[in-house]
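# just a sequence and a predicted model for now, questions to come.
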Amino acid sequence: GLGLEDLETCERTFSKSNALAPTTRYTSIFHRQQAIASYFEYNDEYEVYANLSDFLYNNYKQALDIISDSRVTLPKLMHDLNVTHESIFEDWLTEEKTYLQGLRTEPEDETLQMEYFQRLINLGASKDELDASSSVWAVATPATVHGLASDESATRRLETARRHALENYEKDLRFVQELERKLSITRRWTPEDPDWQSAGRLVANRKYQRALDTLEGLVVARIFELTKMNRSGTGYKMRKHIAKALQARSAAIKTALDRYNTAARALSPPRQSLKWEEVVEYAFLADFDLLRDSRNDVSQRPWASPSARQATDLYFKTCRAREEITRLNVEVRRLATYLRDEEHYLCECQRQAEVLHPVLAHQINLRRRVRSRFNSRHLQRLQDIATLPGFSGILAPGVCTSNDAGDSSSTPNITIPAQLTHALSSSGTSTNDPSAHSISAPEAEEDFEEEEEDVSNMEEASEVLDEVLRIATDSS
C-alpha cells in the first residue's frame, strides 16, 4: 500500500505556485523560466527542507492516533456487524471491486436485446402509421369538388405520405430482421412474451442509469464550483460569475433529480428515490456508484450498508497506518543519518577548499549555513518523535549505502575546476600567497564572529543529537 499518502502532493504544489502566475504573465520566456526555477529552488531550500521533520512527526502522530482509535472502535463495529475475523473485510473489498468492474460496460447480449426491443417499438409505430395512411380515402362530392387541379394535388399528398410510411416500415423491418438473425430468434417477440418484458426492464434500467449519470455530473460540477468559490485569490467578478453558475446549476440539478426519480419509480421493483437535501450532500463518487446496480439489489449486500462501509474504511485505514509507521521508521533514521553526514561532509569540503580556493570555500560555507540553520529544528523534532507513545523505530544514525562522489556519506576530495583556477590566476592573486587575501580589520572581526557563531551552532546541534540518541537508547 501507500501508507497515508493521499496522492495530492503535486496538486498542492501546483496550487501553491499559482501565486507566481500573475508576476510572469507579461515577462519574456527567459525571465518566466528564471522566475519559476528560482521559486522552486527557494521552495526546496527554505520550505520543503525546513518542514521535513515536521512532516515526519505529523505523519507518525497521525498514524499512531489512527491505530489507537481503531483498537477501540473497530471491535465494536465488528461486533455490531457479527463479523468474527478481519479477513472478511478483504473479501468484501474483492466483492465490491468485482461488482464495480461489472458496471463498466453492458453485456453484449443485453445490448442487442434492448436494441431489438426498441426496434420492435419503432416497427409497431411505423406499422400503425402505414395502416393509417393506407386507410385514408379522398371522397369527392359535387359540393366538395373545387377543380381537377386541387383534387389531384390532394391525391399526390396522400400518396406521398403513404409511400413515406411504407419506406419507414420497410426500413424498421430490415433492422428487426437483422437483429433476429444475430440473436437467433425464430419467433418475433410480442408484448405478452417474457423476453419482451425482460428487455423492457433492461431499457428502463438503462434510462435510470443515464439519468443517474446526468445527475452525478451536475453534482460533481457543483462541488468543484463551490470549492473554487471559497478558494483564496478568487476575484470578486469571478465569485459573482460562479454564484450565477451555481444558481443555474442548482436548477439543472433539480430537473435532473426529477428525471432520476421518475426513472427510478419506473423500475421493477422501484429503486431508491433521492431528495434534494441528500443529493447536495454527496461529495464522493462512491456515493453514486452504489446506486448504479441494474441487475441486483446492491443495498442487500453486506458490504453496502453504512456501518459495514465505516468498518471497512477503518480497517484499511489502520492497515495503511501500520505501513506508514514502517516507512517512517526508515525515513526517521535516514534523516538522522543525513544530518550527521551532511554536516561532516560540508565541513570537510570547506576545510579542503580553504587551502586551494578560499572563494570557493566561502561559497561552501554559505551552503552549509543554509542547511545548518534548520538542523536544530530537525533534531528537536526527532526527539519529539522518539518520545511519542508507540514509537518503534531507532534514531541512532546508520550507514548510508550510497558512497558516490558528491554524496553526503562519501569522503570529500576537493578538485578545483579549471575555470575557477584560470579566473583566479587571471585576477593576479595566488591561492598560496596570504597577503593576496588580506582583509580589513572590521571584515576580519565580522568573519571571526560568524565563525564563532557557526562553531556555537555546531556544538549545540551536536549536544541535541547526543541527547536524542540517549533518549532513544533509554526508551528501547
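Sure thing, it's come through.
# what about residue 152, neighbour count?
Neighbour count for residue 152, taken as other CB atoms under 10 Å: 10. For glycine as for every other residue, the C-beta is placed from the backbone atoms N, C-alpha and C.
# where does it land in three-state SS?
Reduced to three states with DSSP: H, G, I helix; E, B strand; the rest coil, the structure at residue 152 is helix.
# list the contacts for it?
If you count contacts by CB atoms under 8 Å, 6 or more residues apart in numbering, residue 152 has none.
# and the gap between residue 112 and residue 177?
With the distance defined as CB to CB, to the nearest Å, residue 112 ends up 14 Å from residue 177.
# and residue 276, by the same measure?
Noted for residue 276: a distance of 47 Å to residue 177, by CB to CB.
# which positions in the strand or helix carrying residue 128 come out as buried?
Assigned by DSSP states H and E, residue 128 belongs to helix 108-134. For helix 108-134, the buried set under the neighbour-count rule, 16 or more other CB atoms under 10 Å, comprises 110, 113-120, 122-123, 126, 129-130, 133.
# ok, now stretch 192-207?
Using 16+ other CB under 10 Å as the test for burial, stretch 192-207 gives 196, 199, 200, 201, 202, 203, 204, 205, 206, 207.
# and of these, the nearest to residue 366?
Closest approach between these and residue 366, by CB to CB: residue 206, at 68.3 Å.
# distance check, that closest one against residue 1.
In this view, residue 206 and residue 1 are 37 Å apart by CB to CB.
# ok, residue 160 next?
Residue 160 is 70 Å from residue 1, where distance means CB to CB.
# what does residue 411 give?
Separation of residue 411 from residue 1 (CB to CB): 38 Å.
# and those two? which has more neighbours close in?
Using other CB under 10 Å as the criterion, residue 411 and residue 1 rank with residue 1 on top: 12 against 9.
# show me the shaky parts of this protein.
Flagging of the chain using pLDDT under 70 yields the residue ranges 102-106, 138-151, 220-249, 277, 279-299, 422-476.
# now the host helix or strand of residue 159: buried residues?
When elements are assigned from DSSP H and E, residue 159 belongs to helix 148-183. For helix 148-183, the neighbour count (16+ other CB under 10 Å) marks 161, 162, 165, 168, 169, 172, 175, 176, 179, 180 as buried.
# give me every residue that touches the fifth one.
Contact analysis of residue 169 by CB under 8 Å, 6+ apart lists 123, 126, 127, 129, 130.
# so which residues of the stretch 1-150 of the chain form helices?
Here the stretch 1-150 of the chain has its helices, by DSSP state H, counting those that start in this stretch, at 9-17, 29-43, 52-80, 87-101, 108-134, 148-183.
# okay, these in a markdown table with distance to residue 342 next?
Shown next, in a markdown table, are these (distance: least, CB to CB, whole Å):
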| stretch | distance to residue 342 |
| --- | --- |
| helix 9-17 | 23 |
| helix 29-43 | 18 |
| helix 52-80 | 12 |
| helix 87-101 | 43 |
| helix 108-134 | 62 |
| helix 148-183 | 71 |
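# among those helices, which comes closest to residue 358?
helix 29-43 (25.4 Å).
# which strands and helices lie in contact with the closest one?
helix 9-17 (3 or more CB pairs under 8 Å, 6 or more residues apart in numbering; DSSP states H and E).
# correct me if wrong: residue 59 contacts residue 5.
No - contact criterion CB atoms under 8 Å: residue 59 and residue 5 do not qualify, at 9.2 Å.
# tell me which of these two has more neighbours.
Taking other CB under 10 Å, residue 59 and residue 5 do not tie; residue 59 has more neighbours (20 against 13).
# coming back round to it: what packs against the helix holding residue 128?
On a contact count with 3+ CB pairs under 8 Å, 6+ apart, helix 108-134 meets helix 148-183, helix 194-229.
# which neighbouring elements make contact with the host helix or strand of residue 312?
For residue 312, the host element (DSSP H and E) is helix 306-356. If you count contacts as 3+ CB pairs under 8 Å, 6+ apart, helix 306-356 packs onto helix 52-80, helix 87-101, helix 358-372, helix 375-386, helix 441-475.
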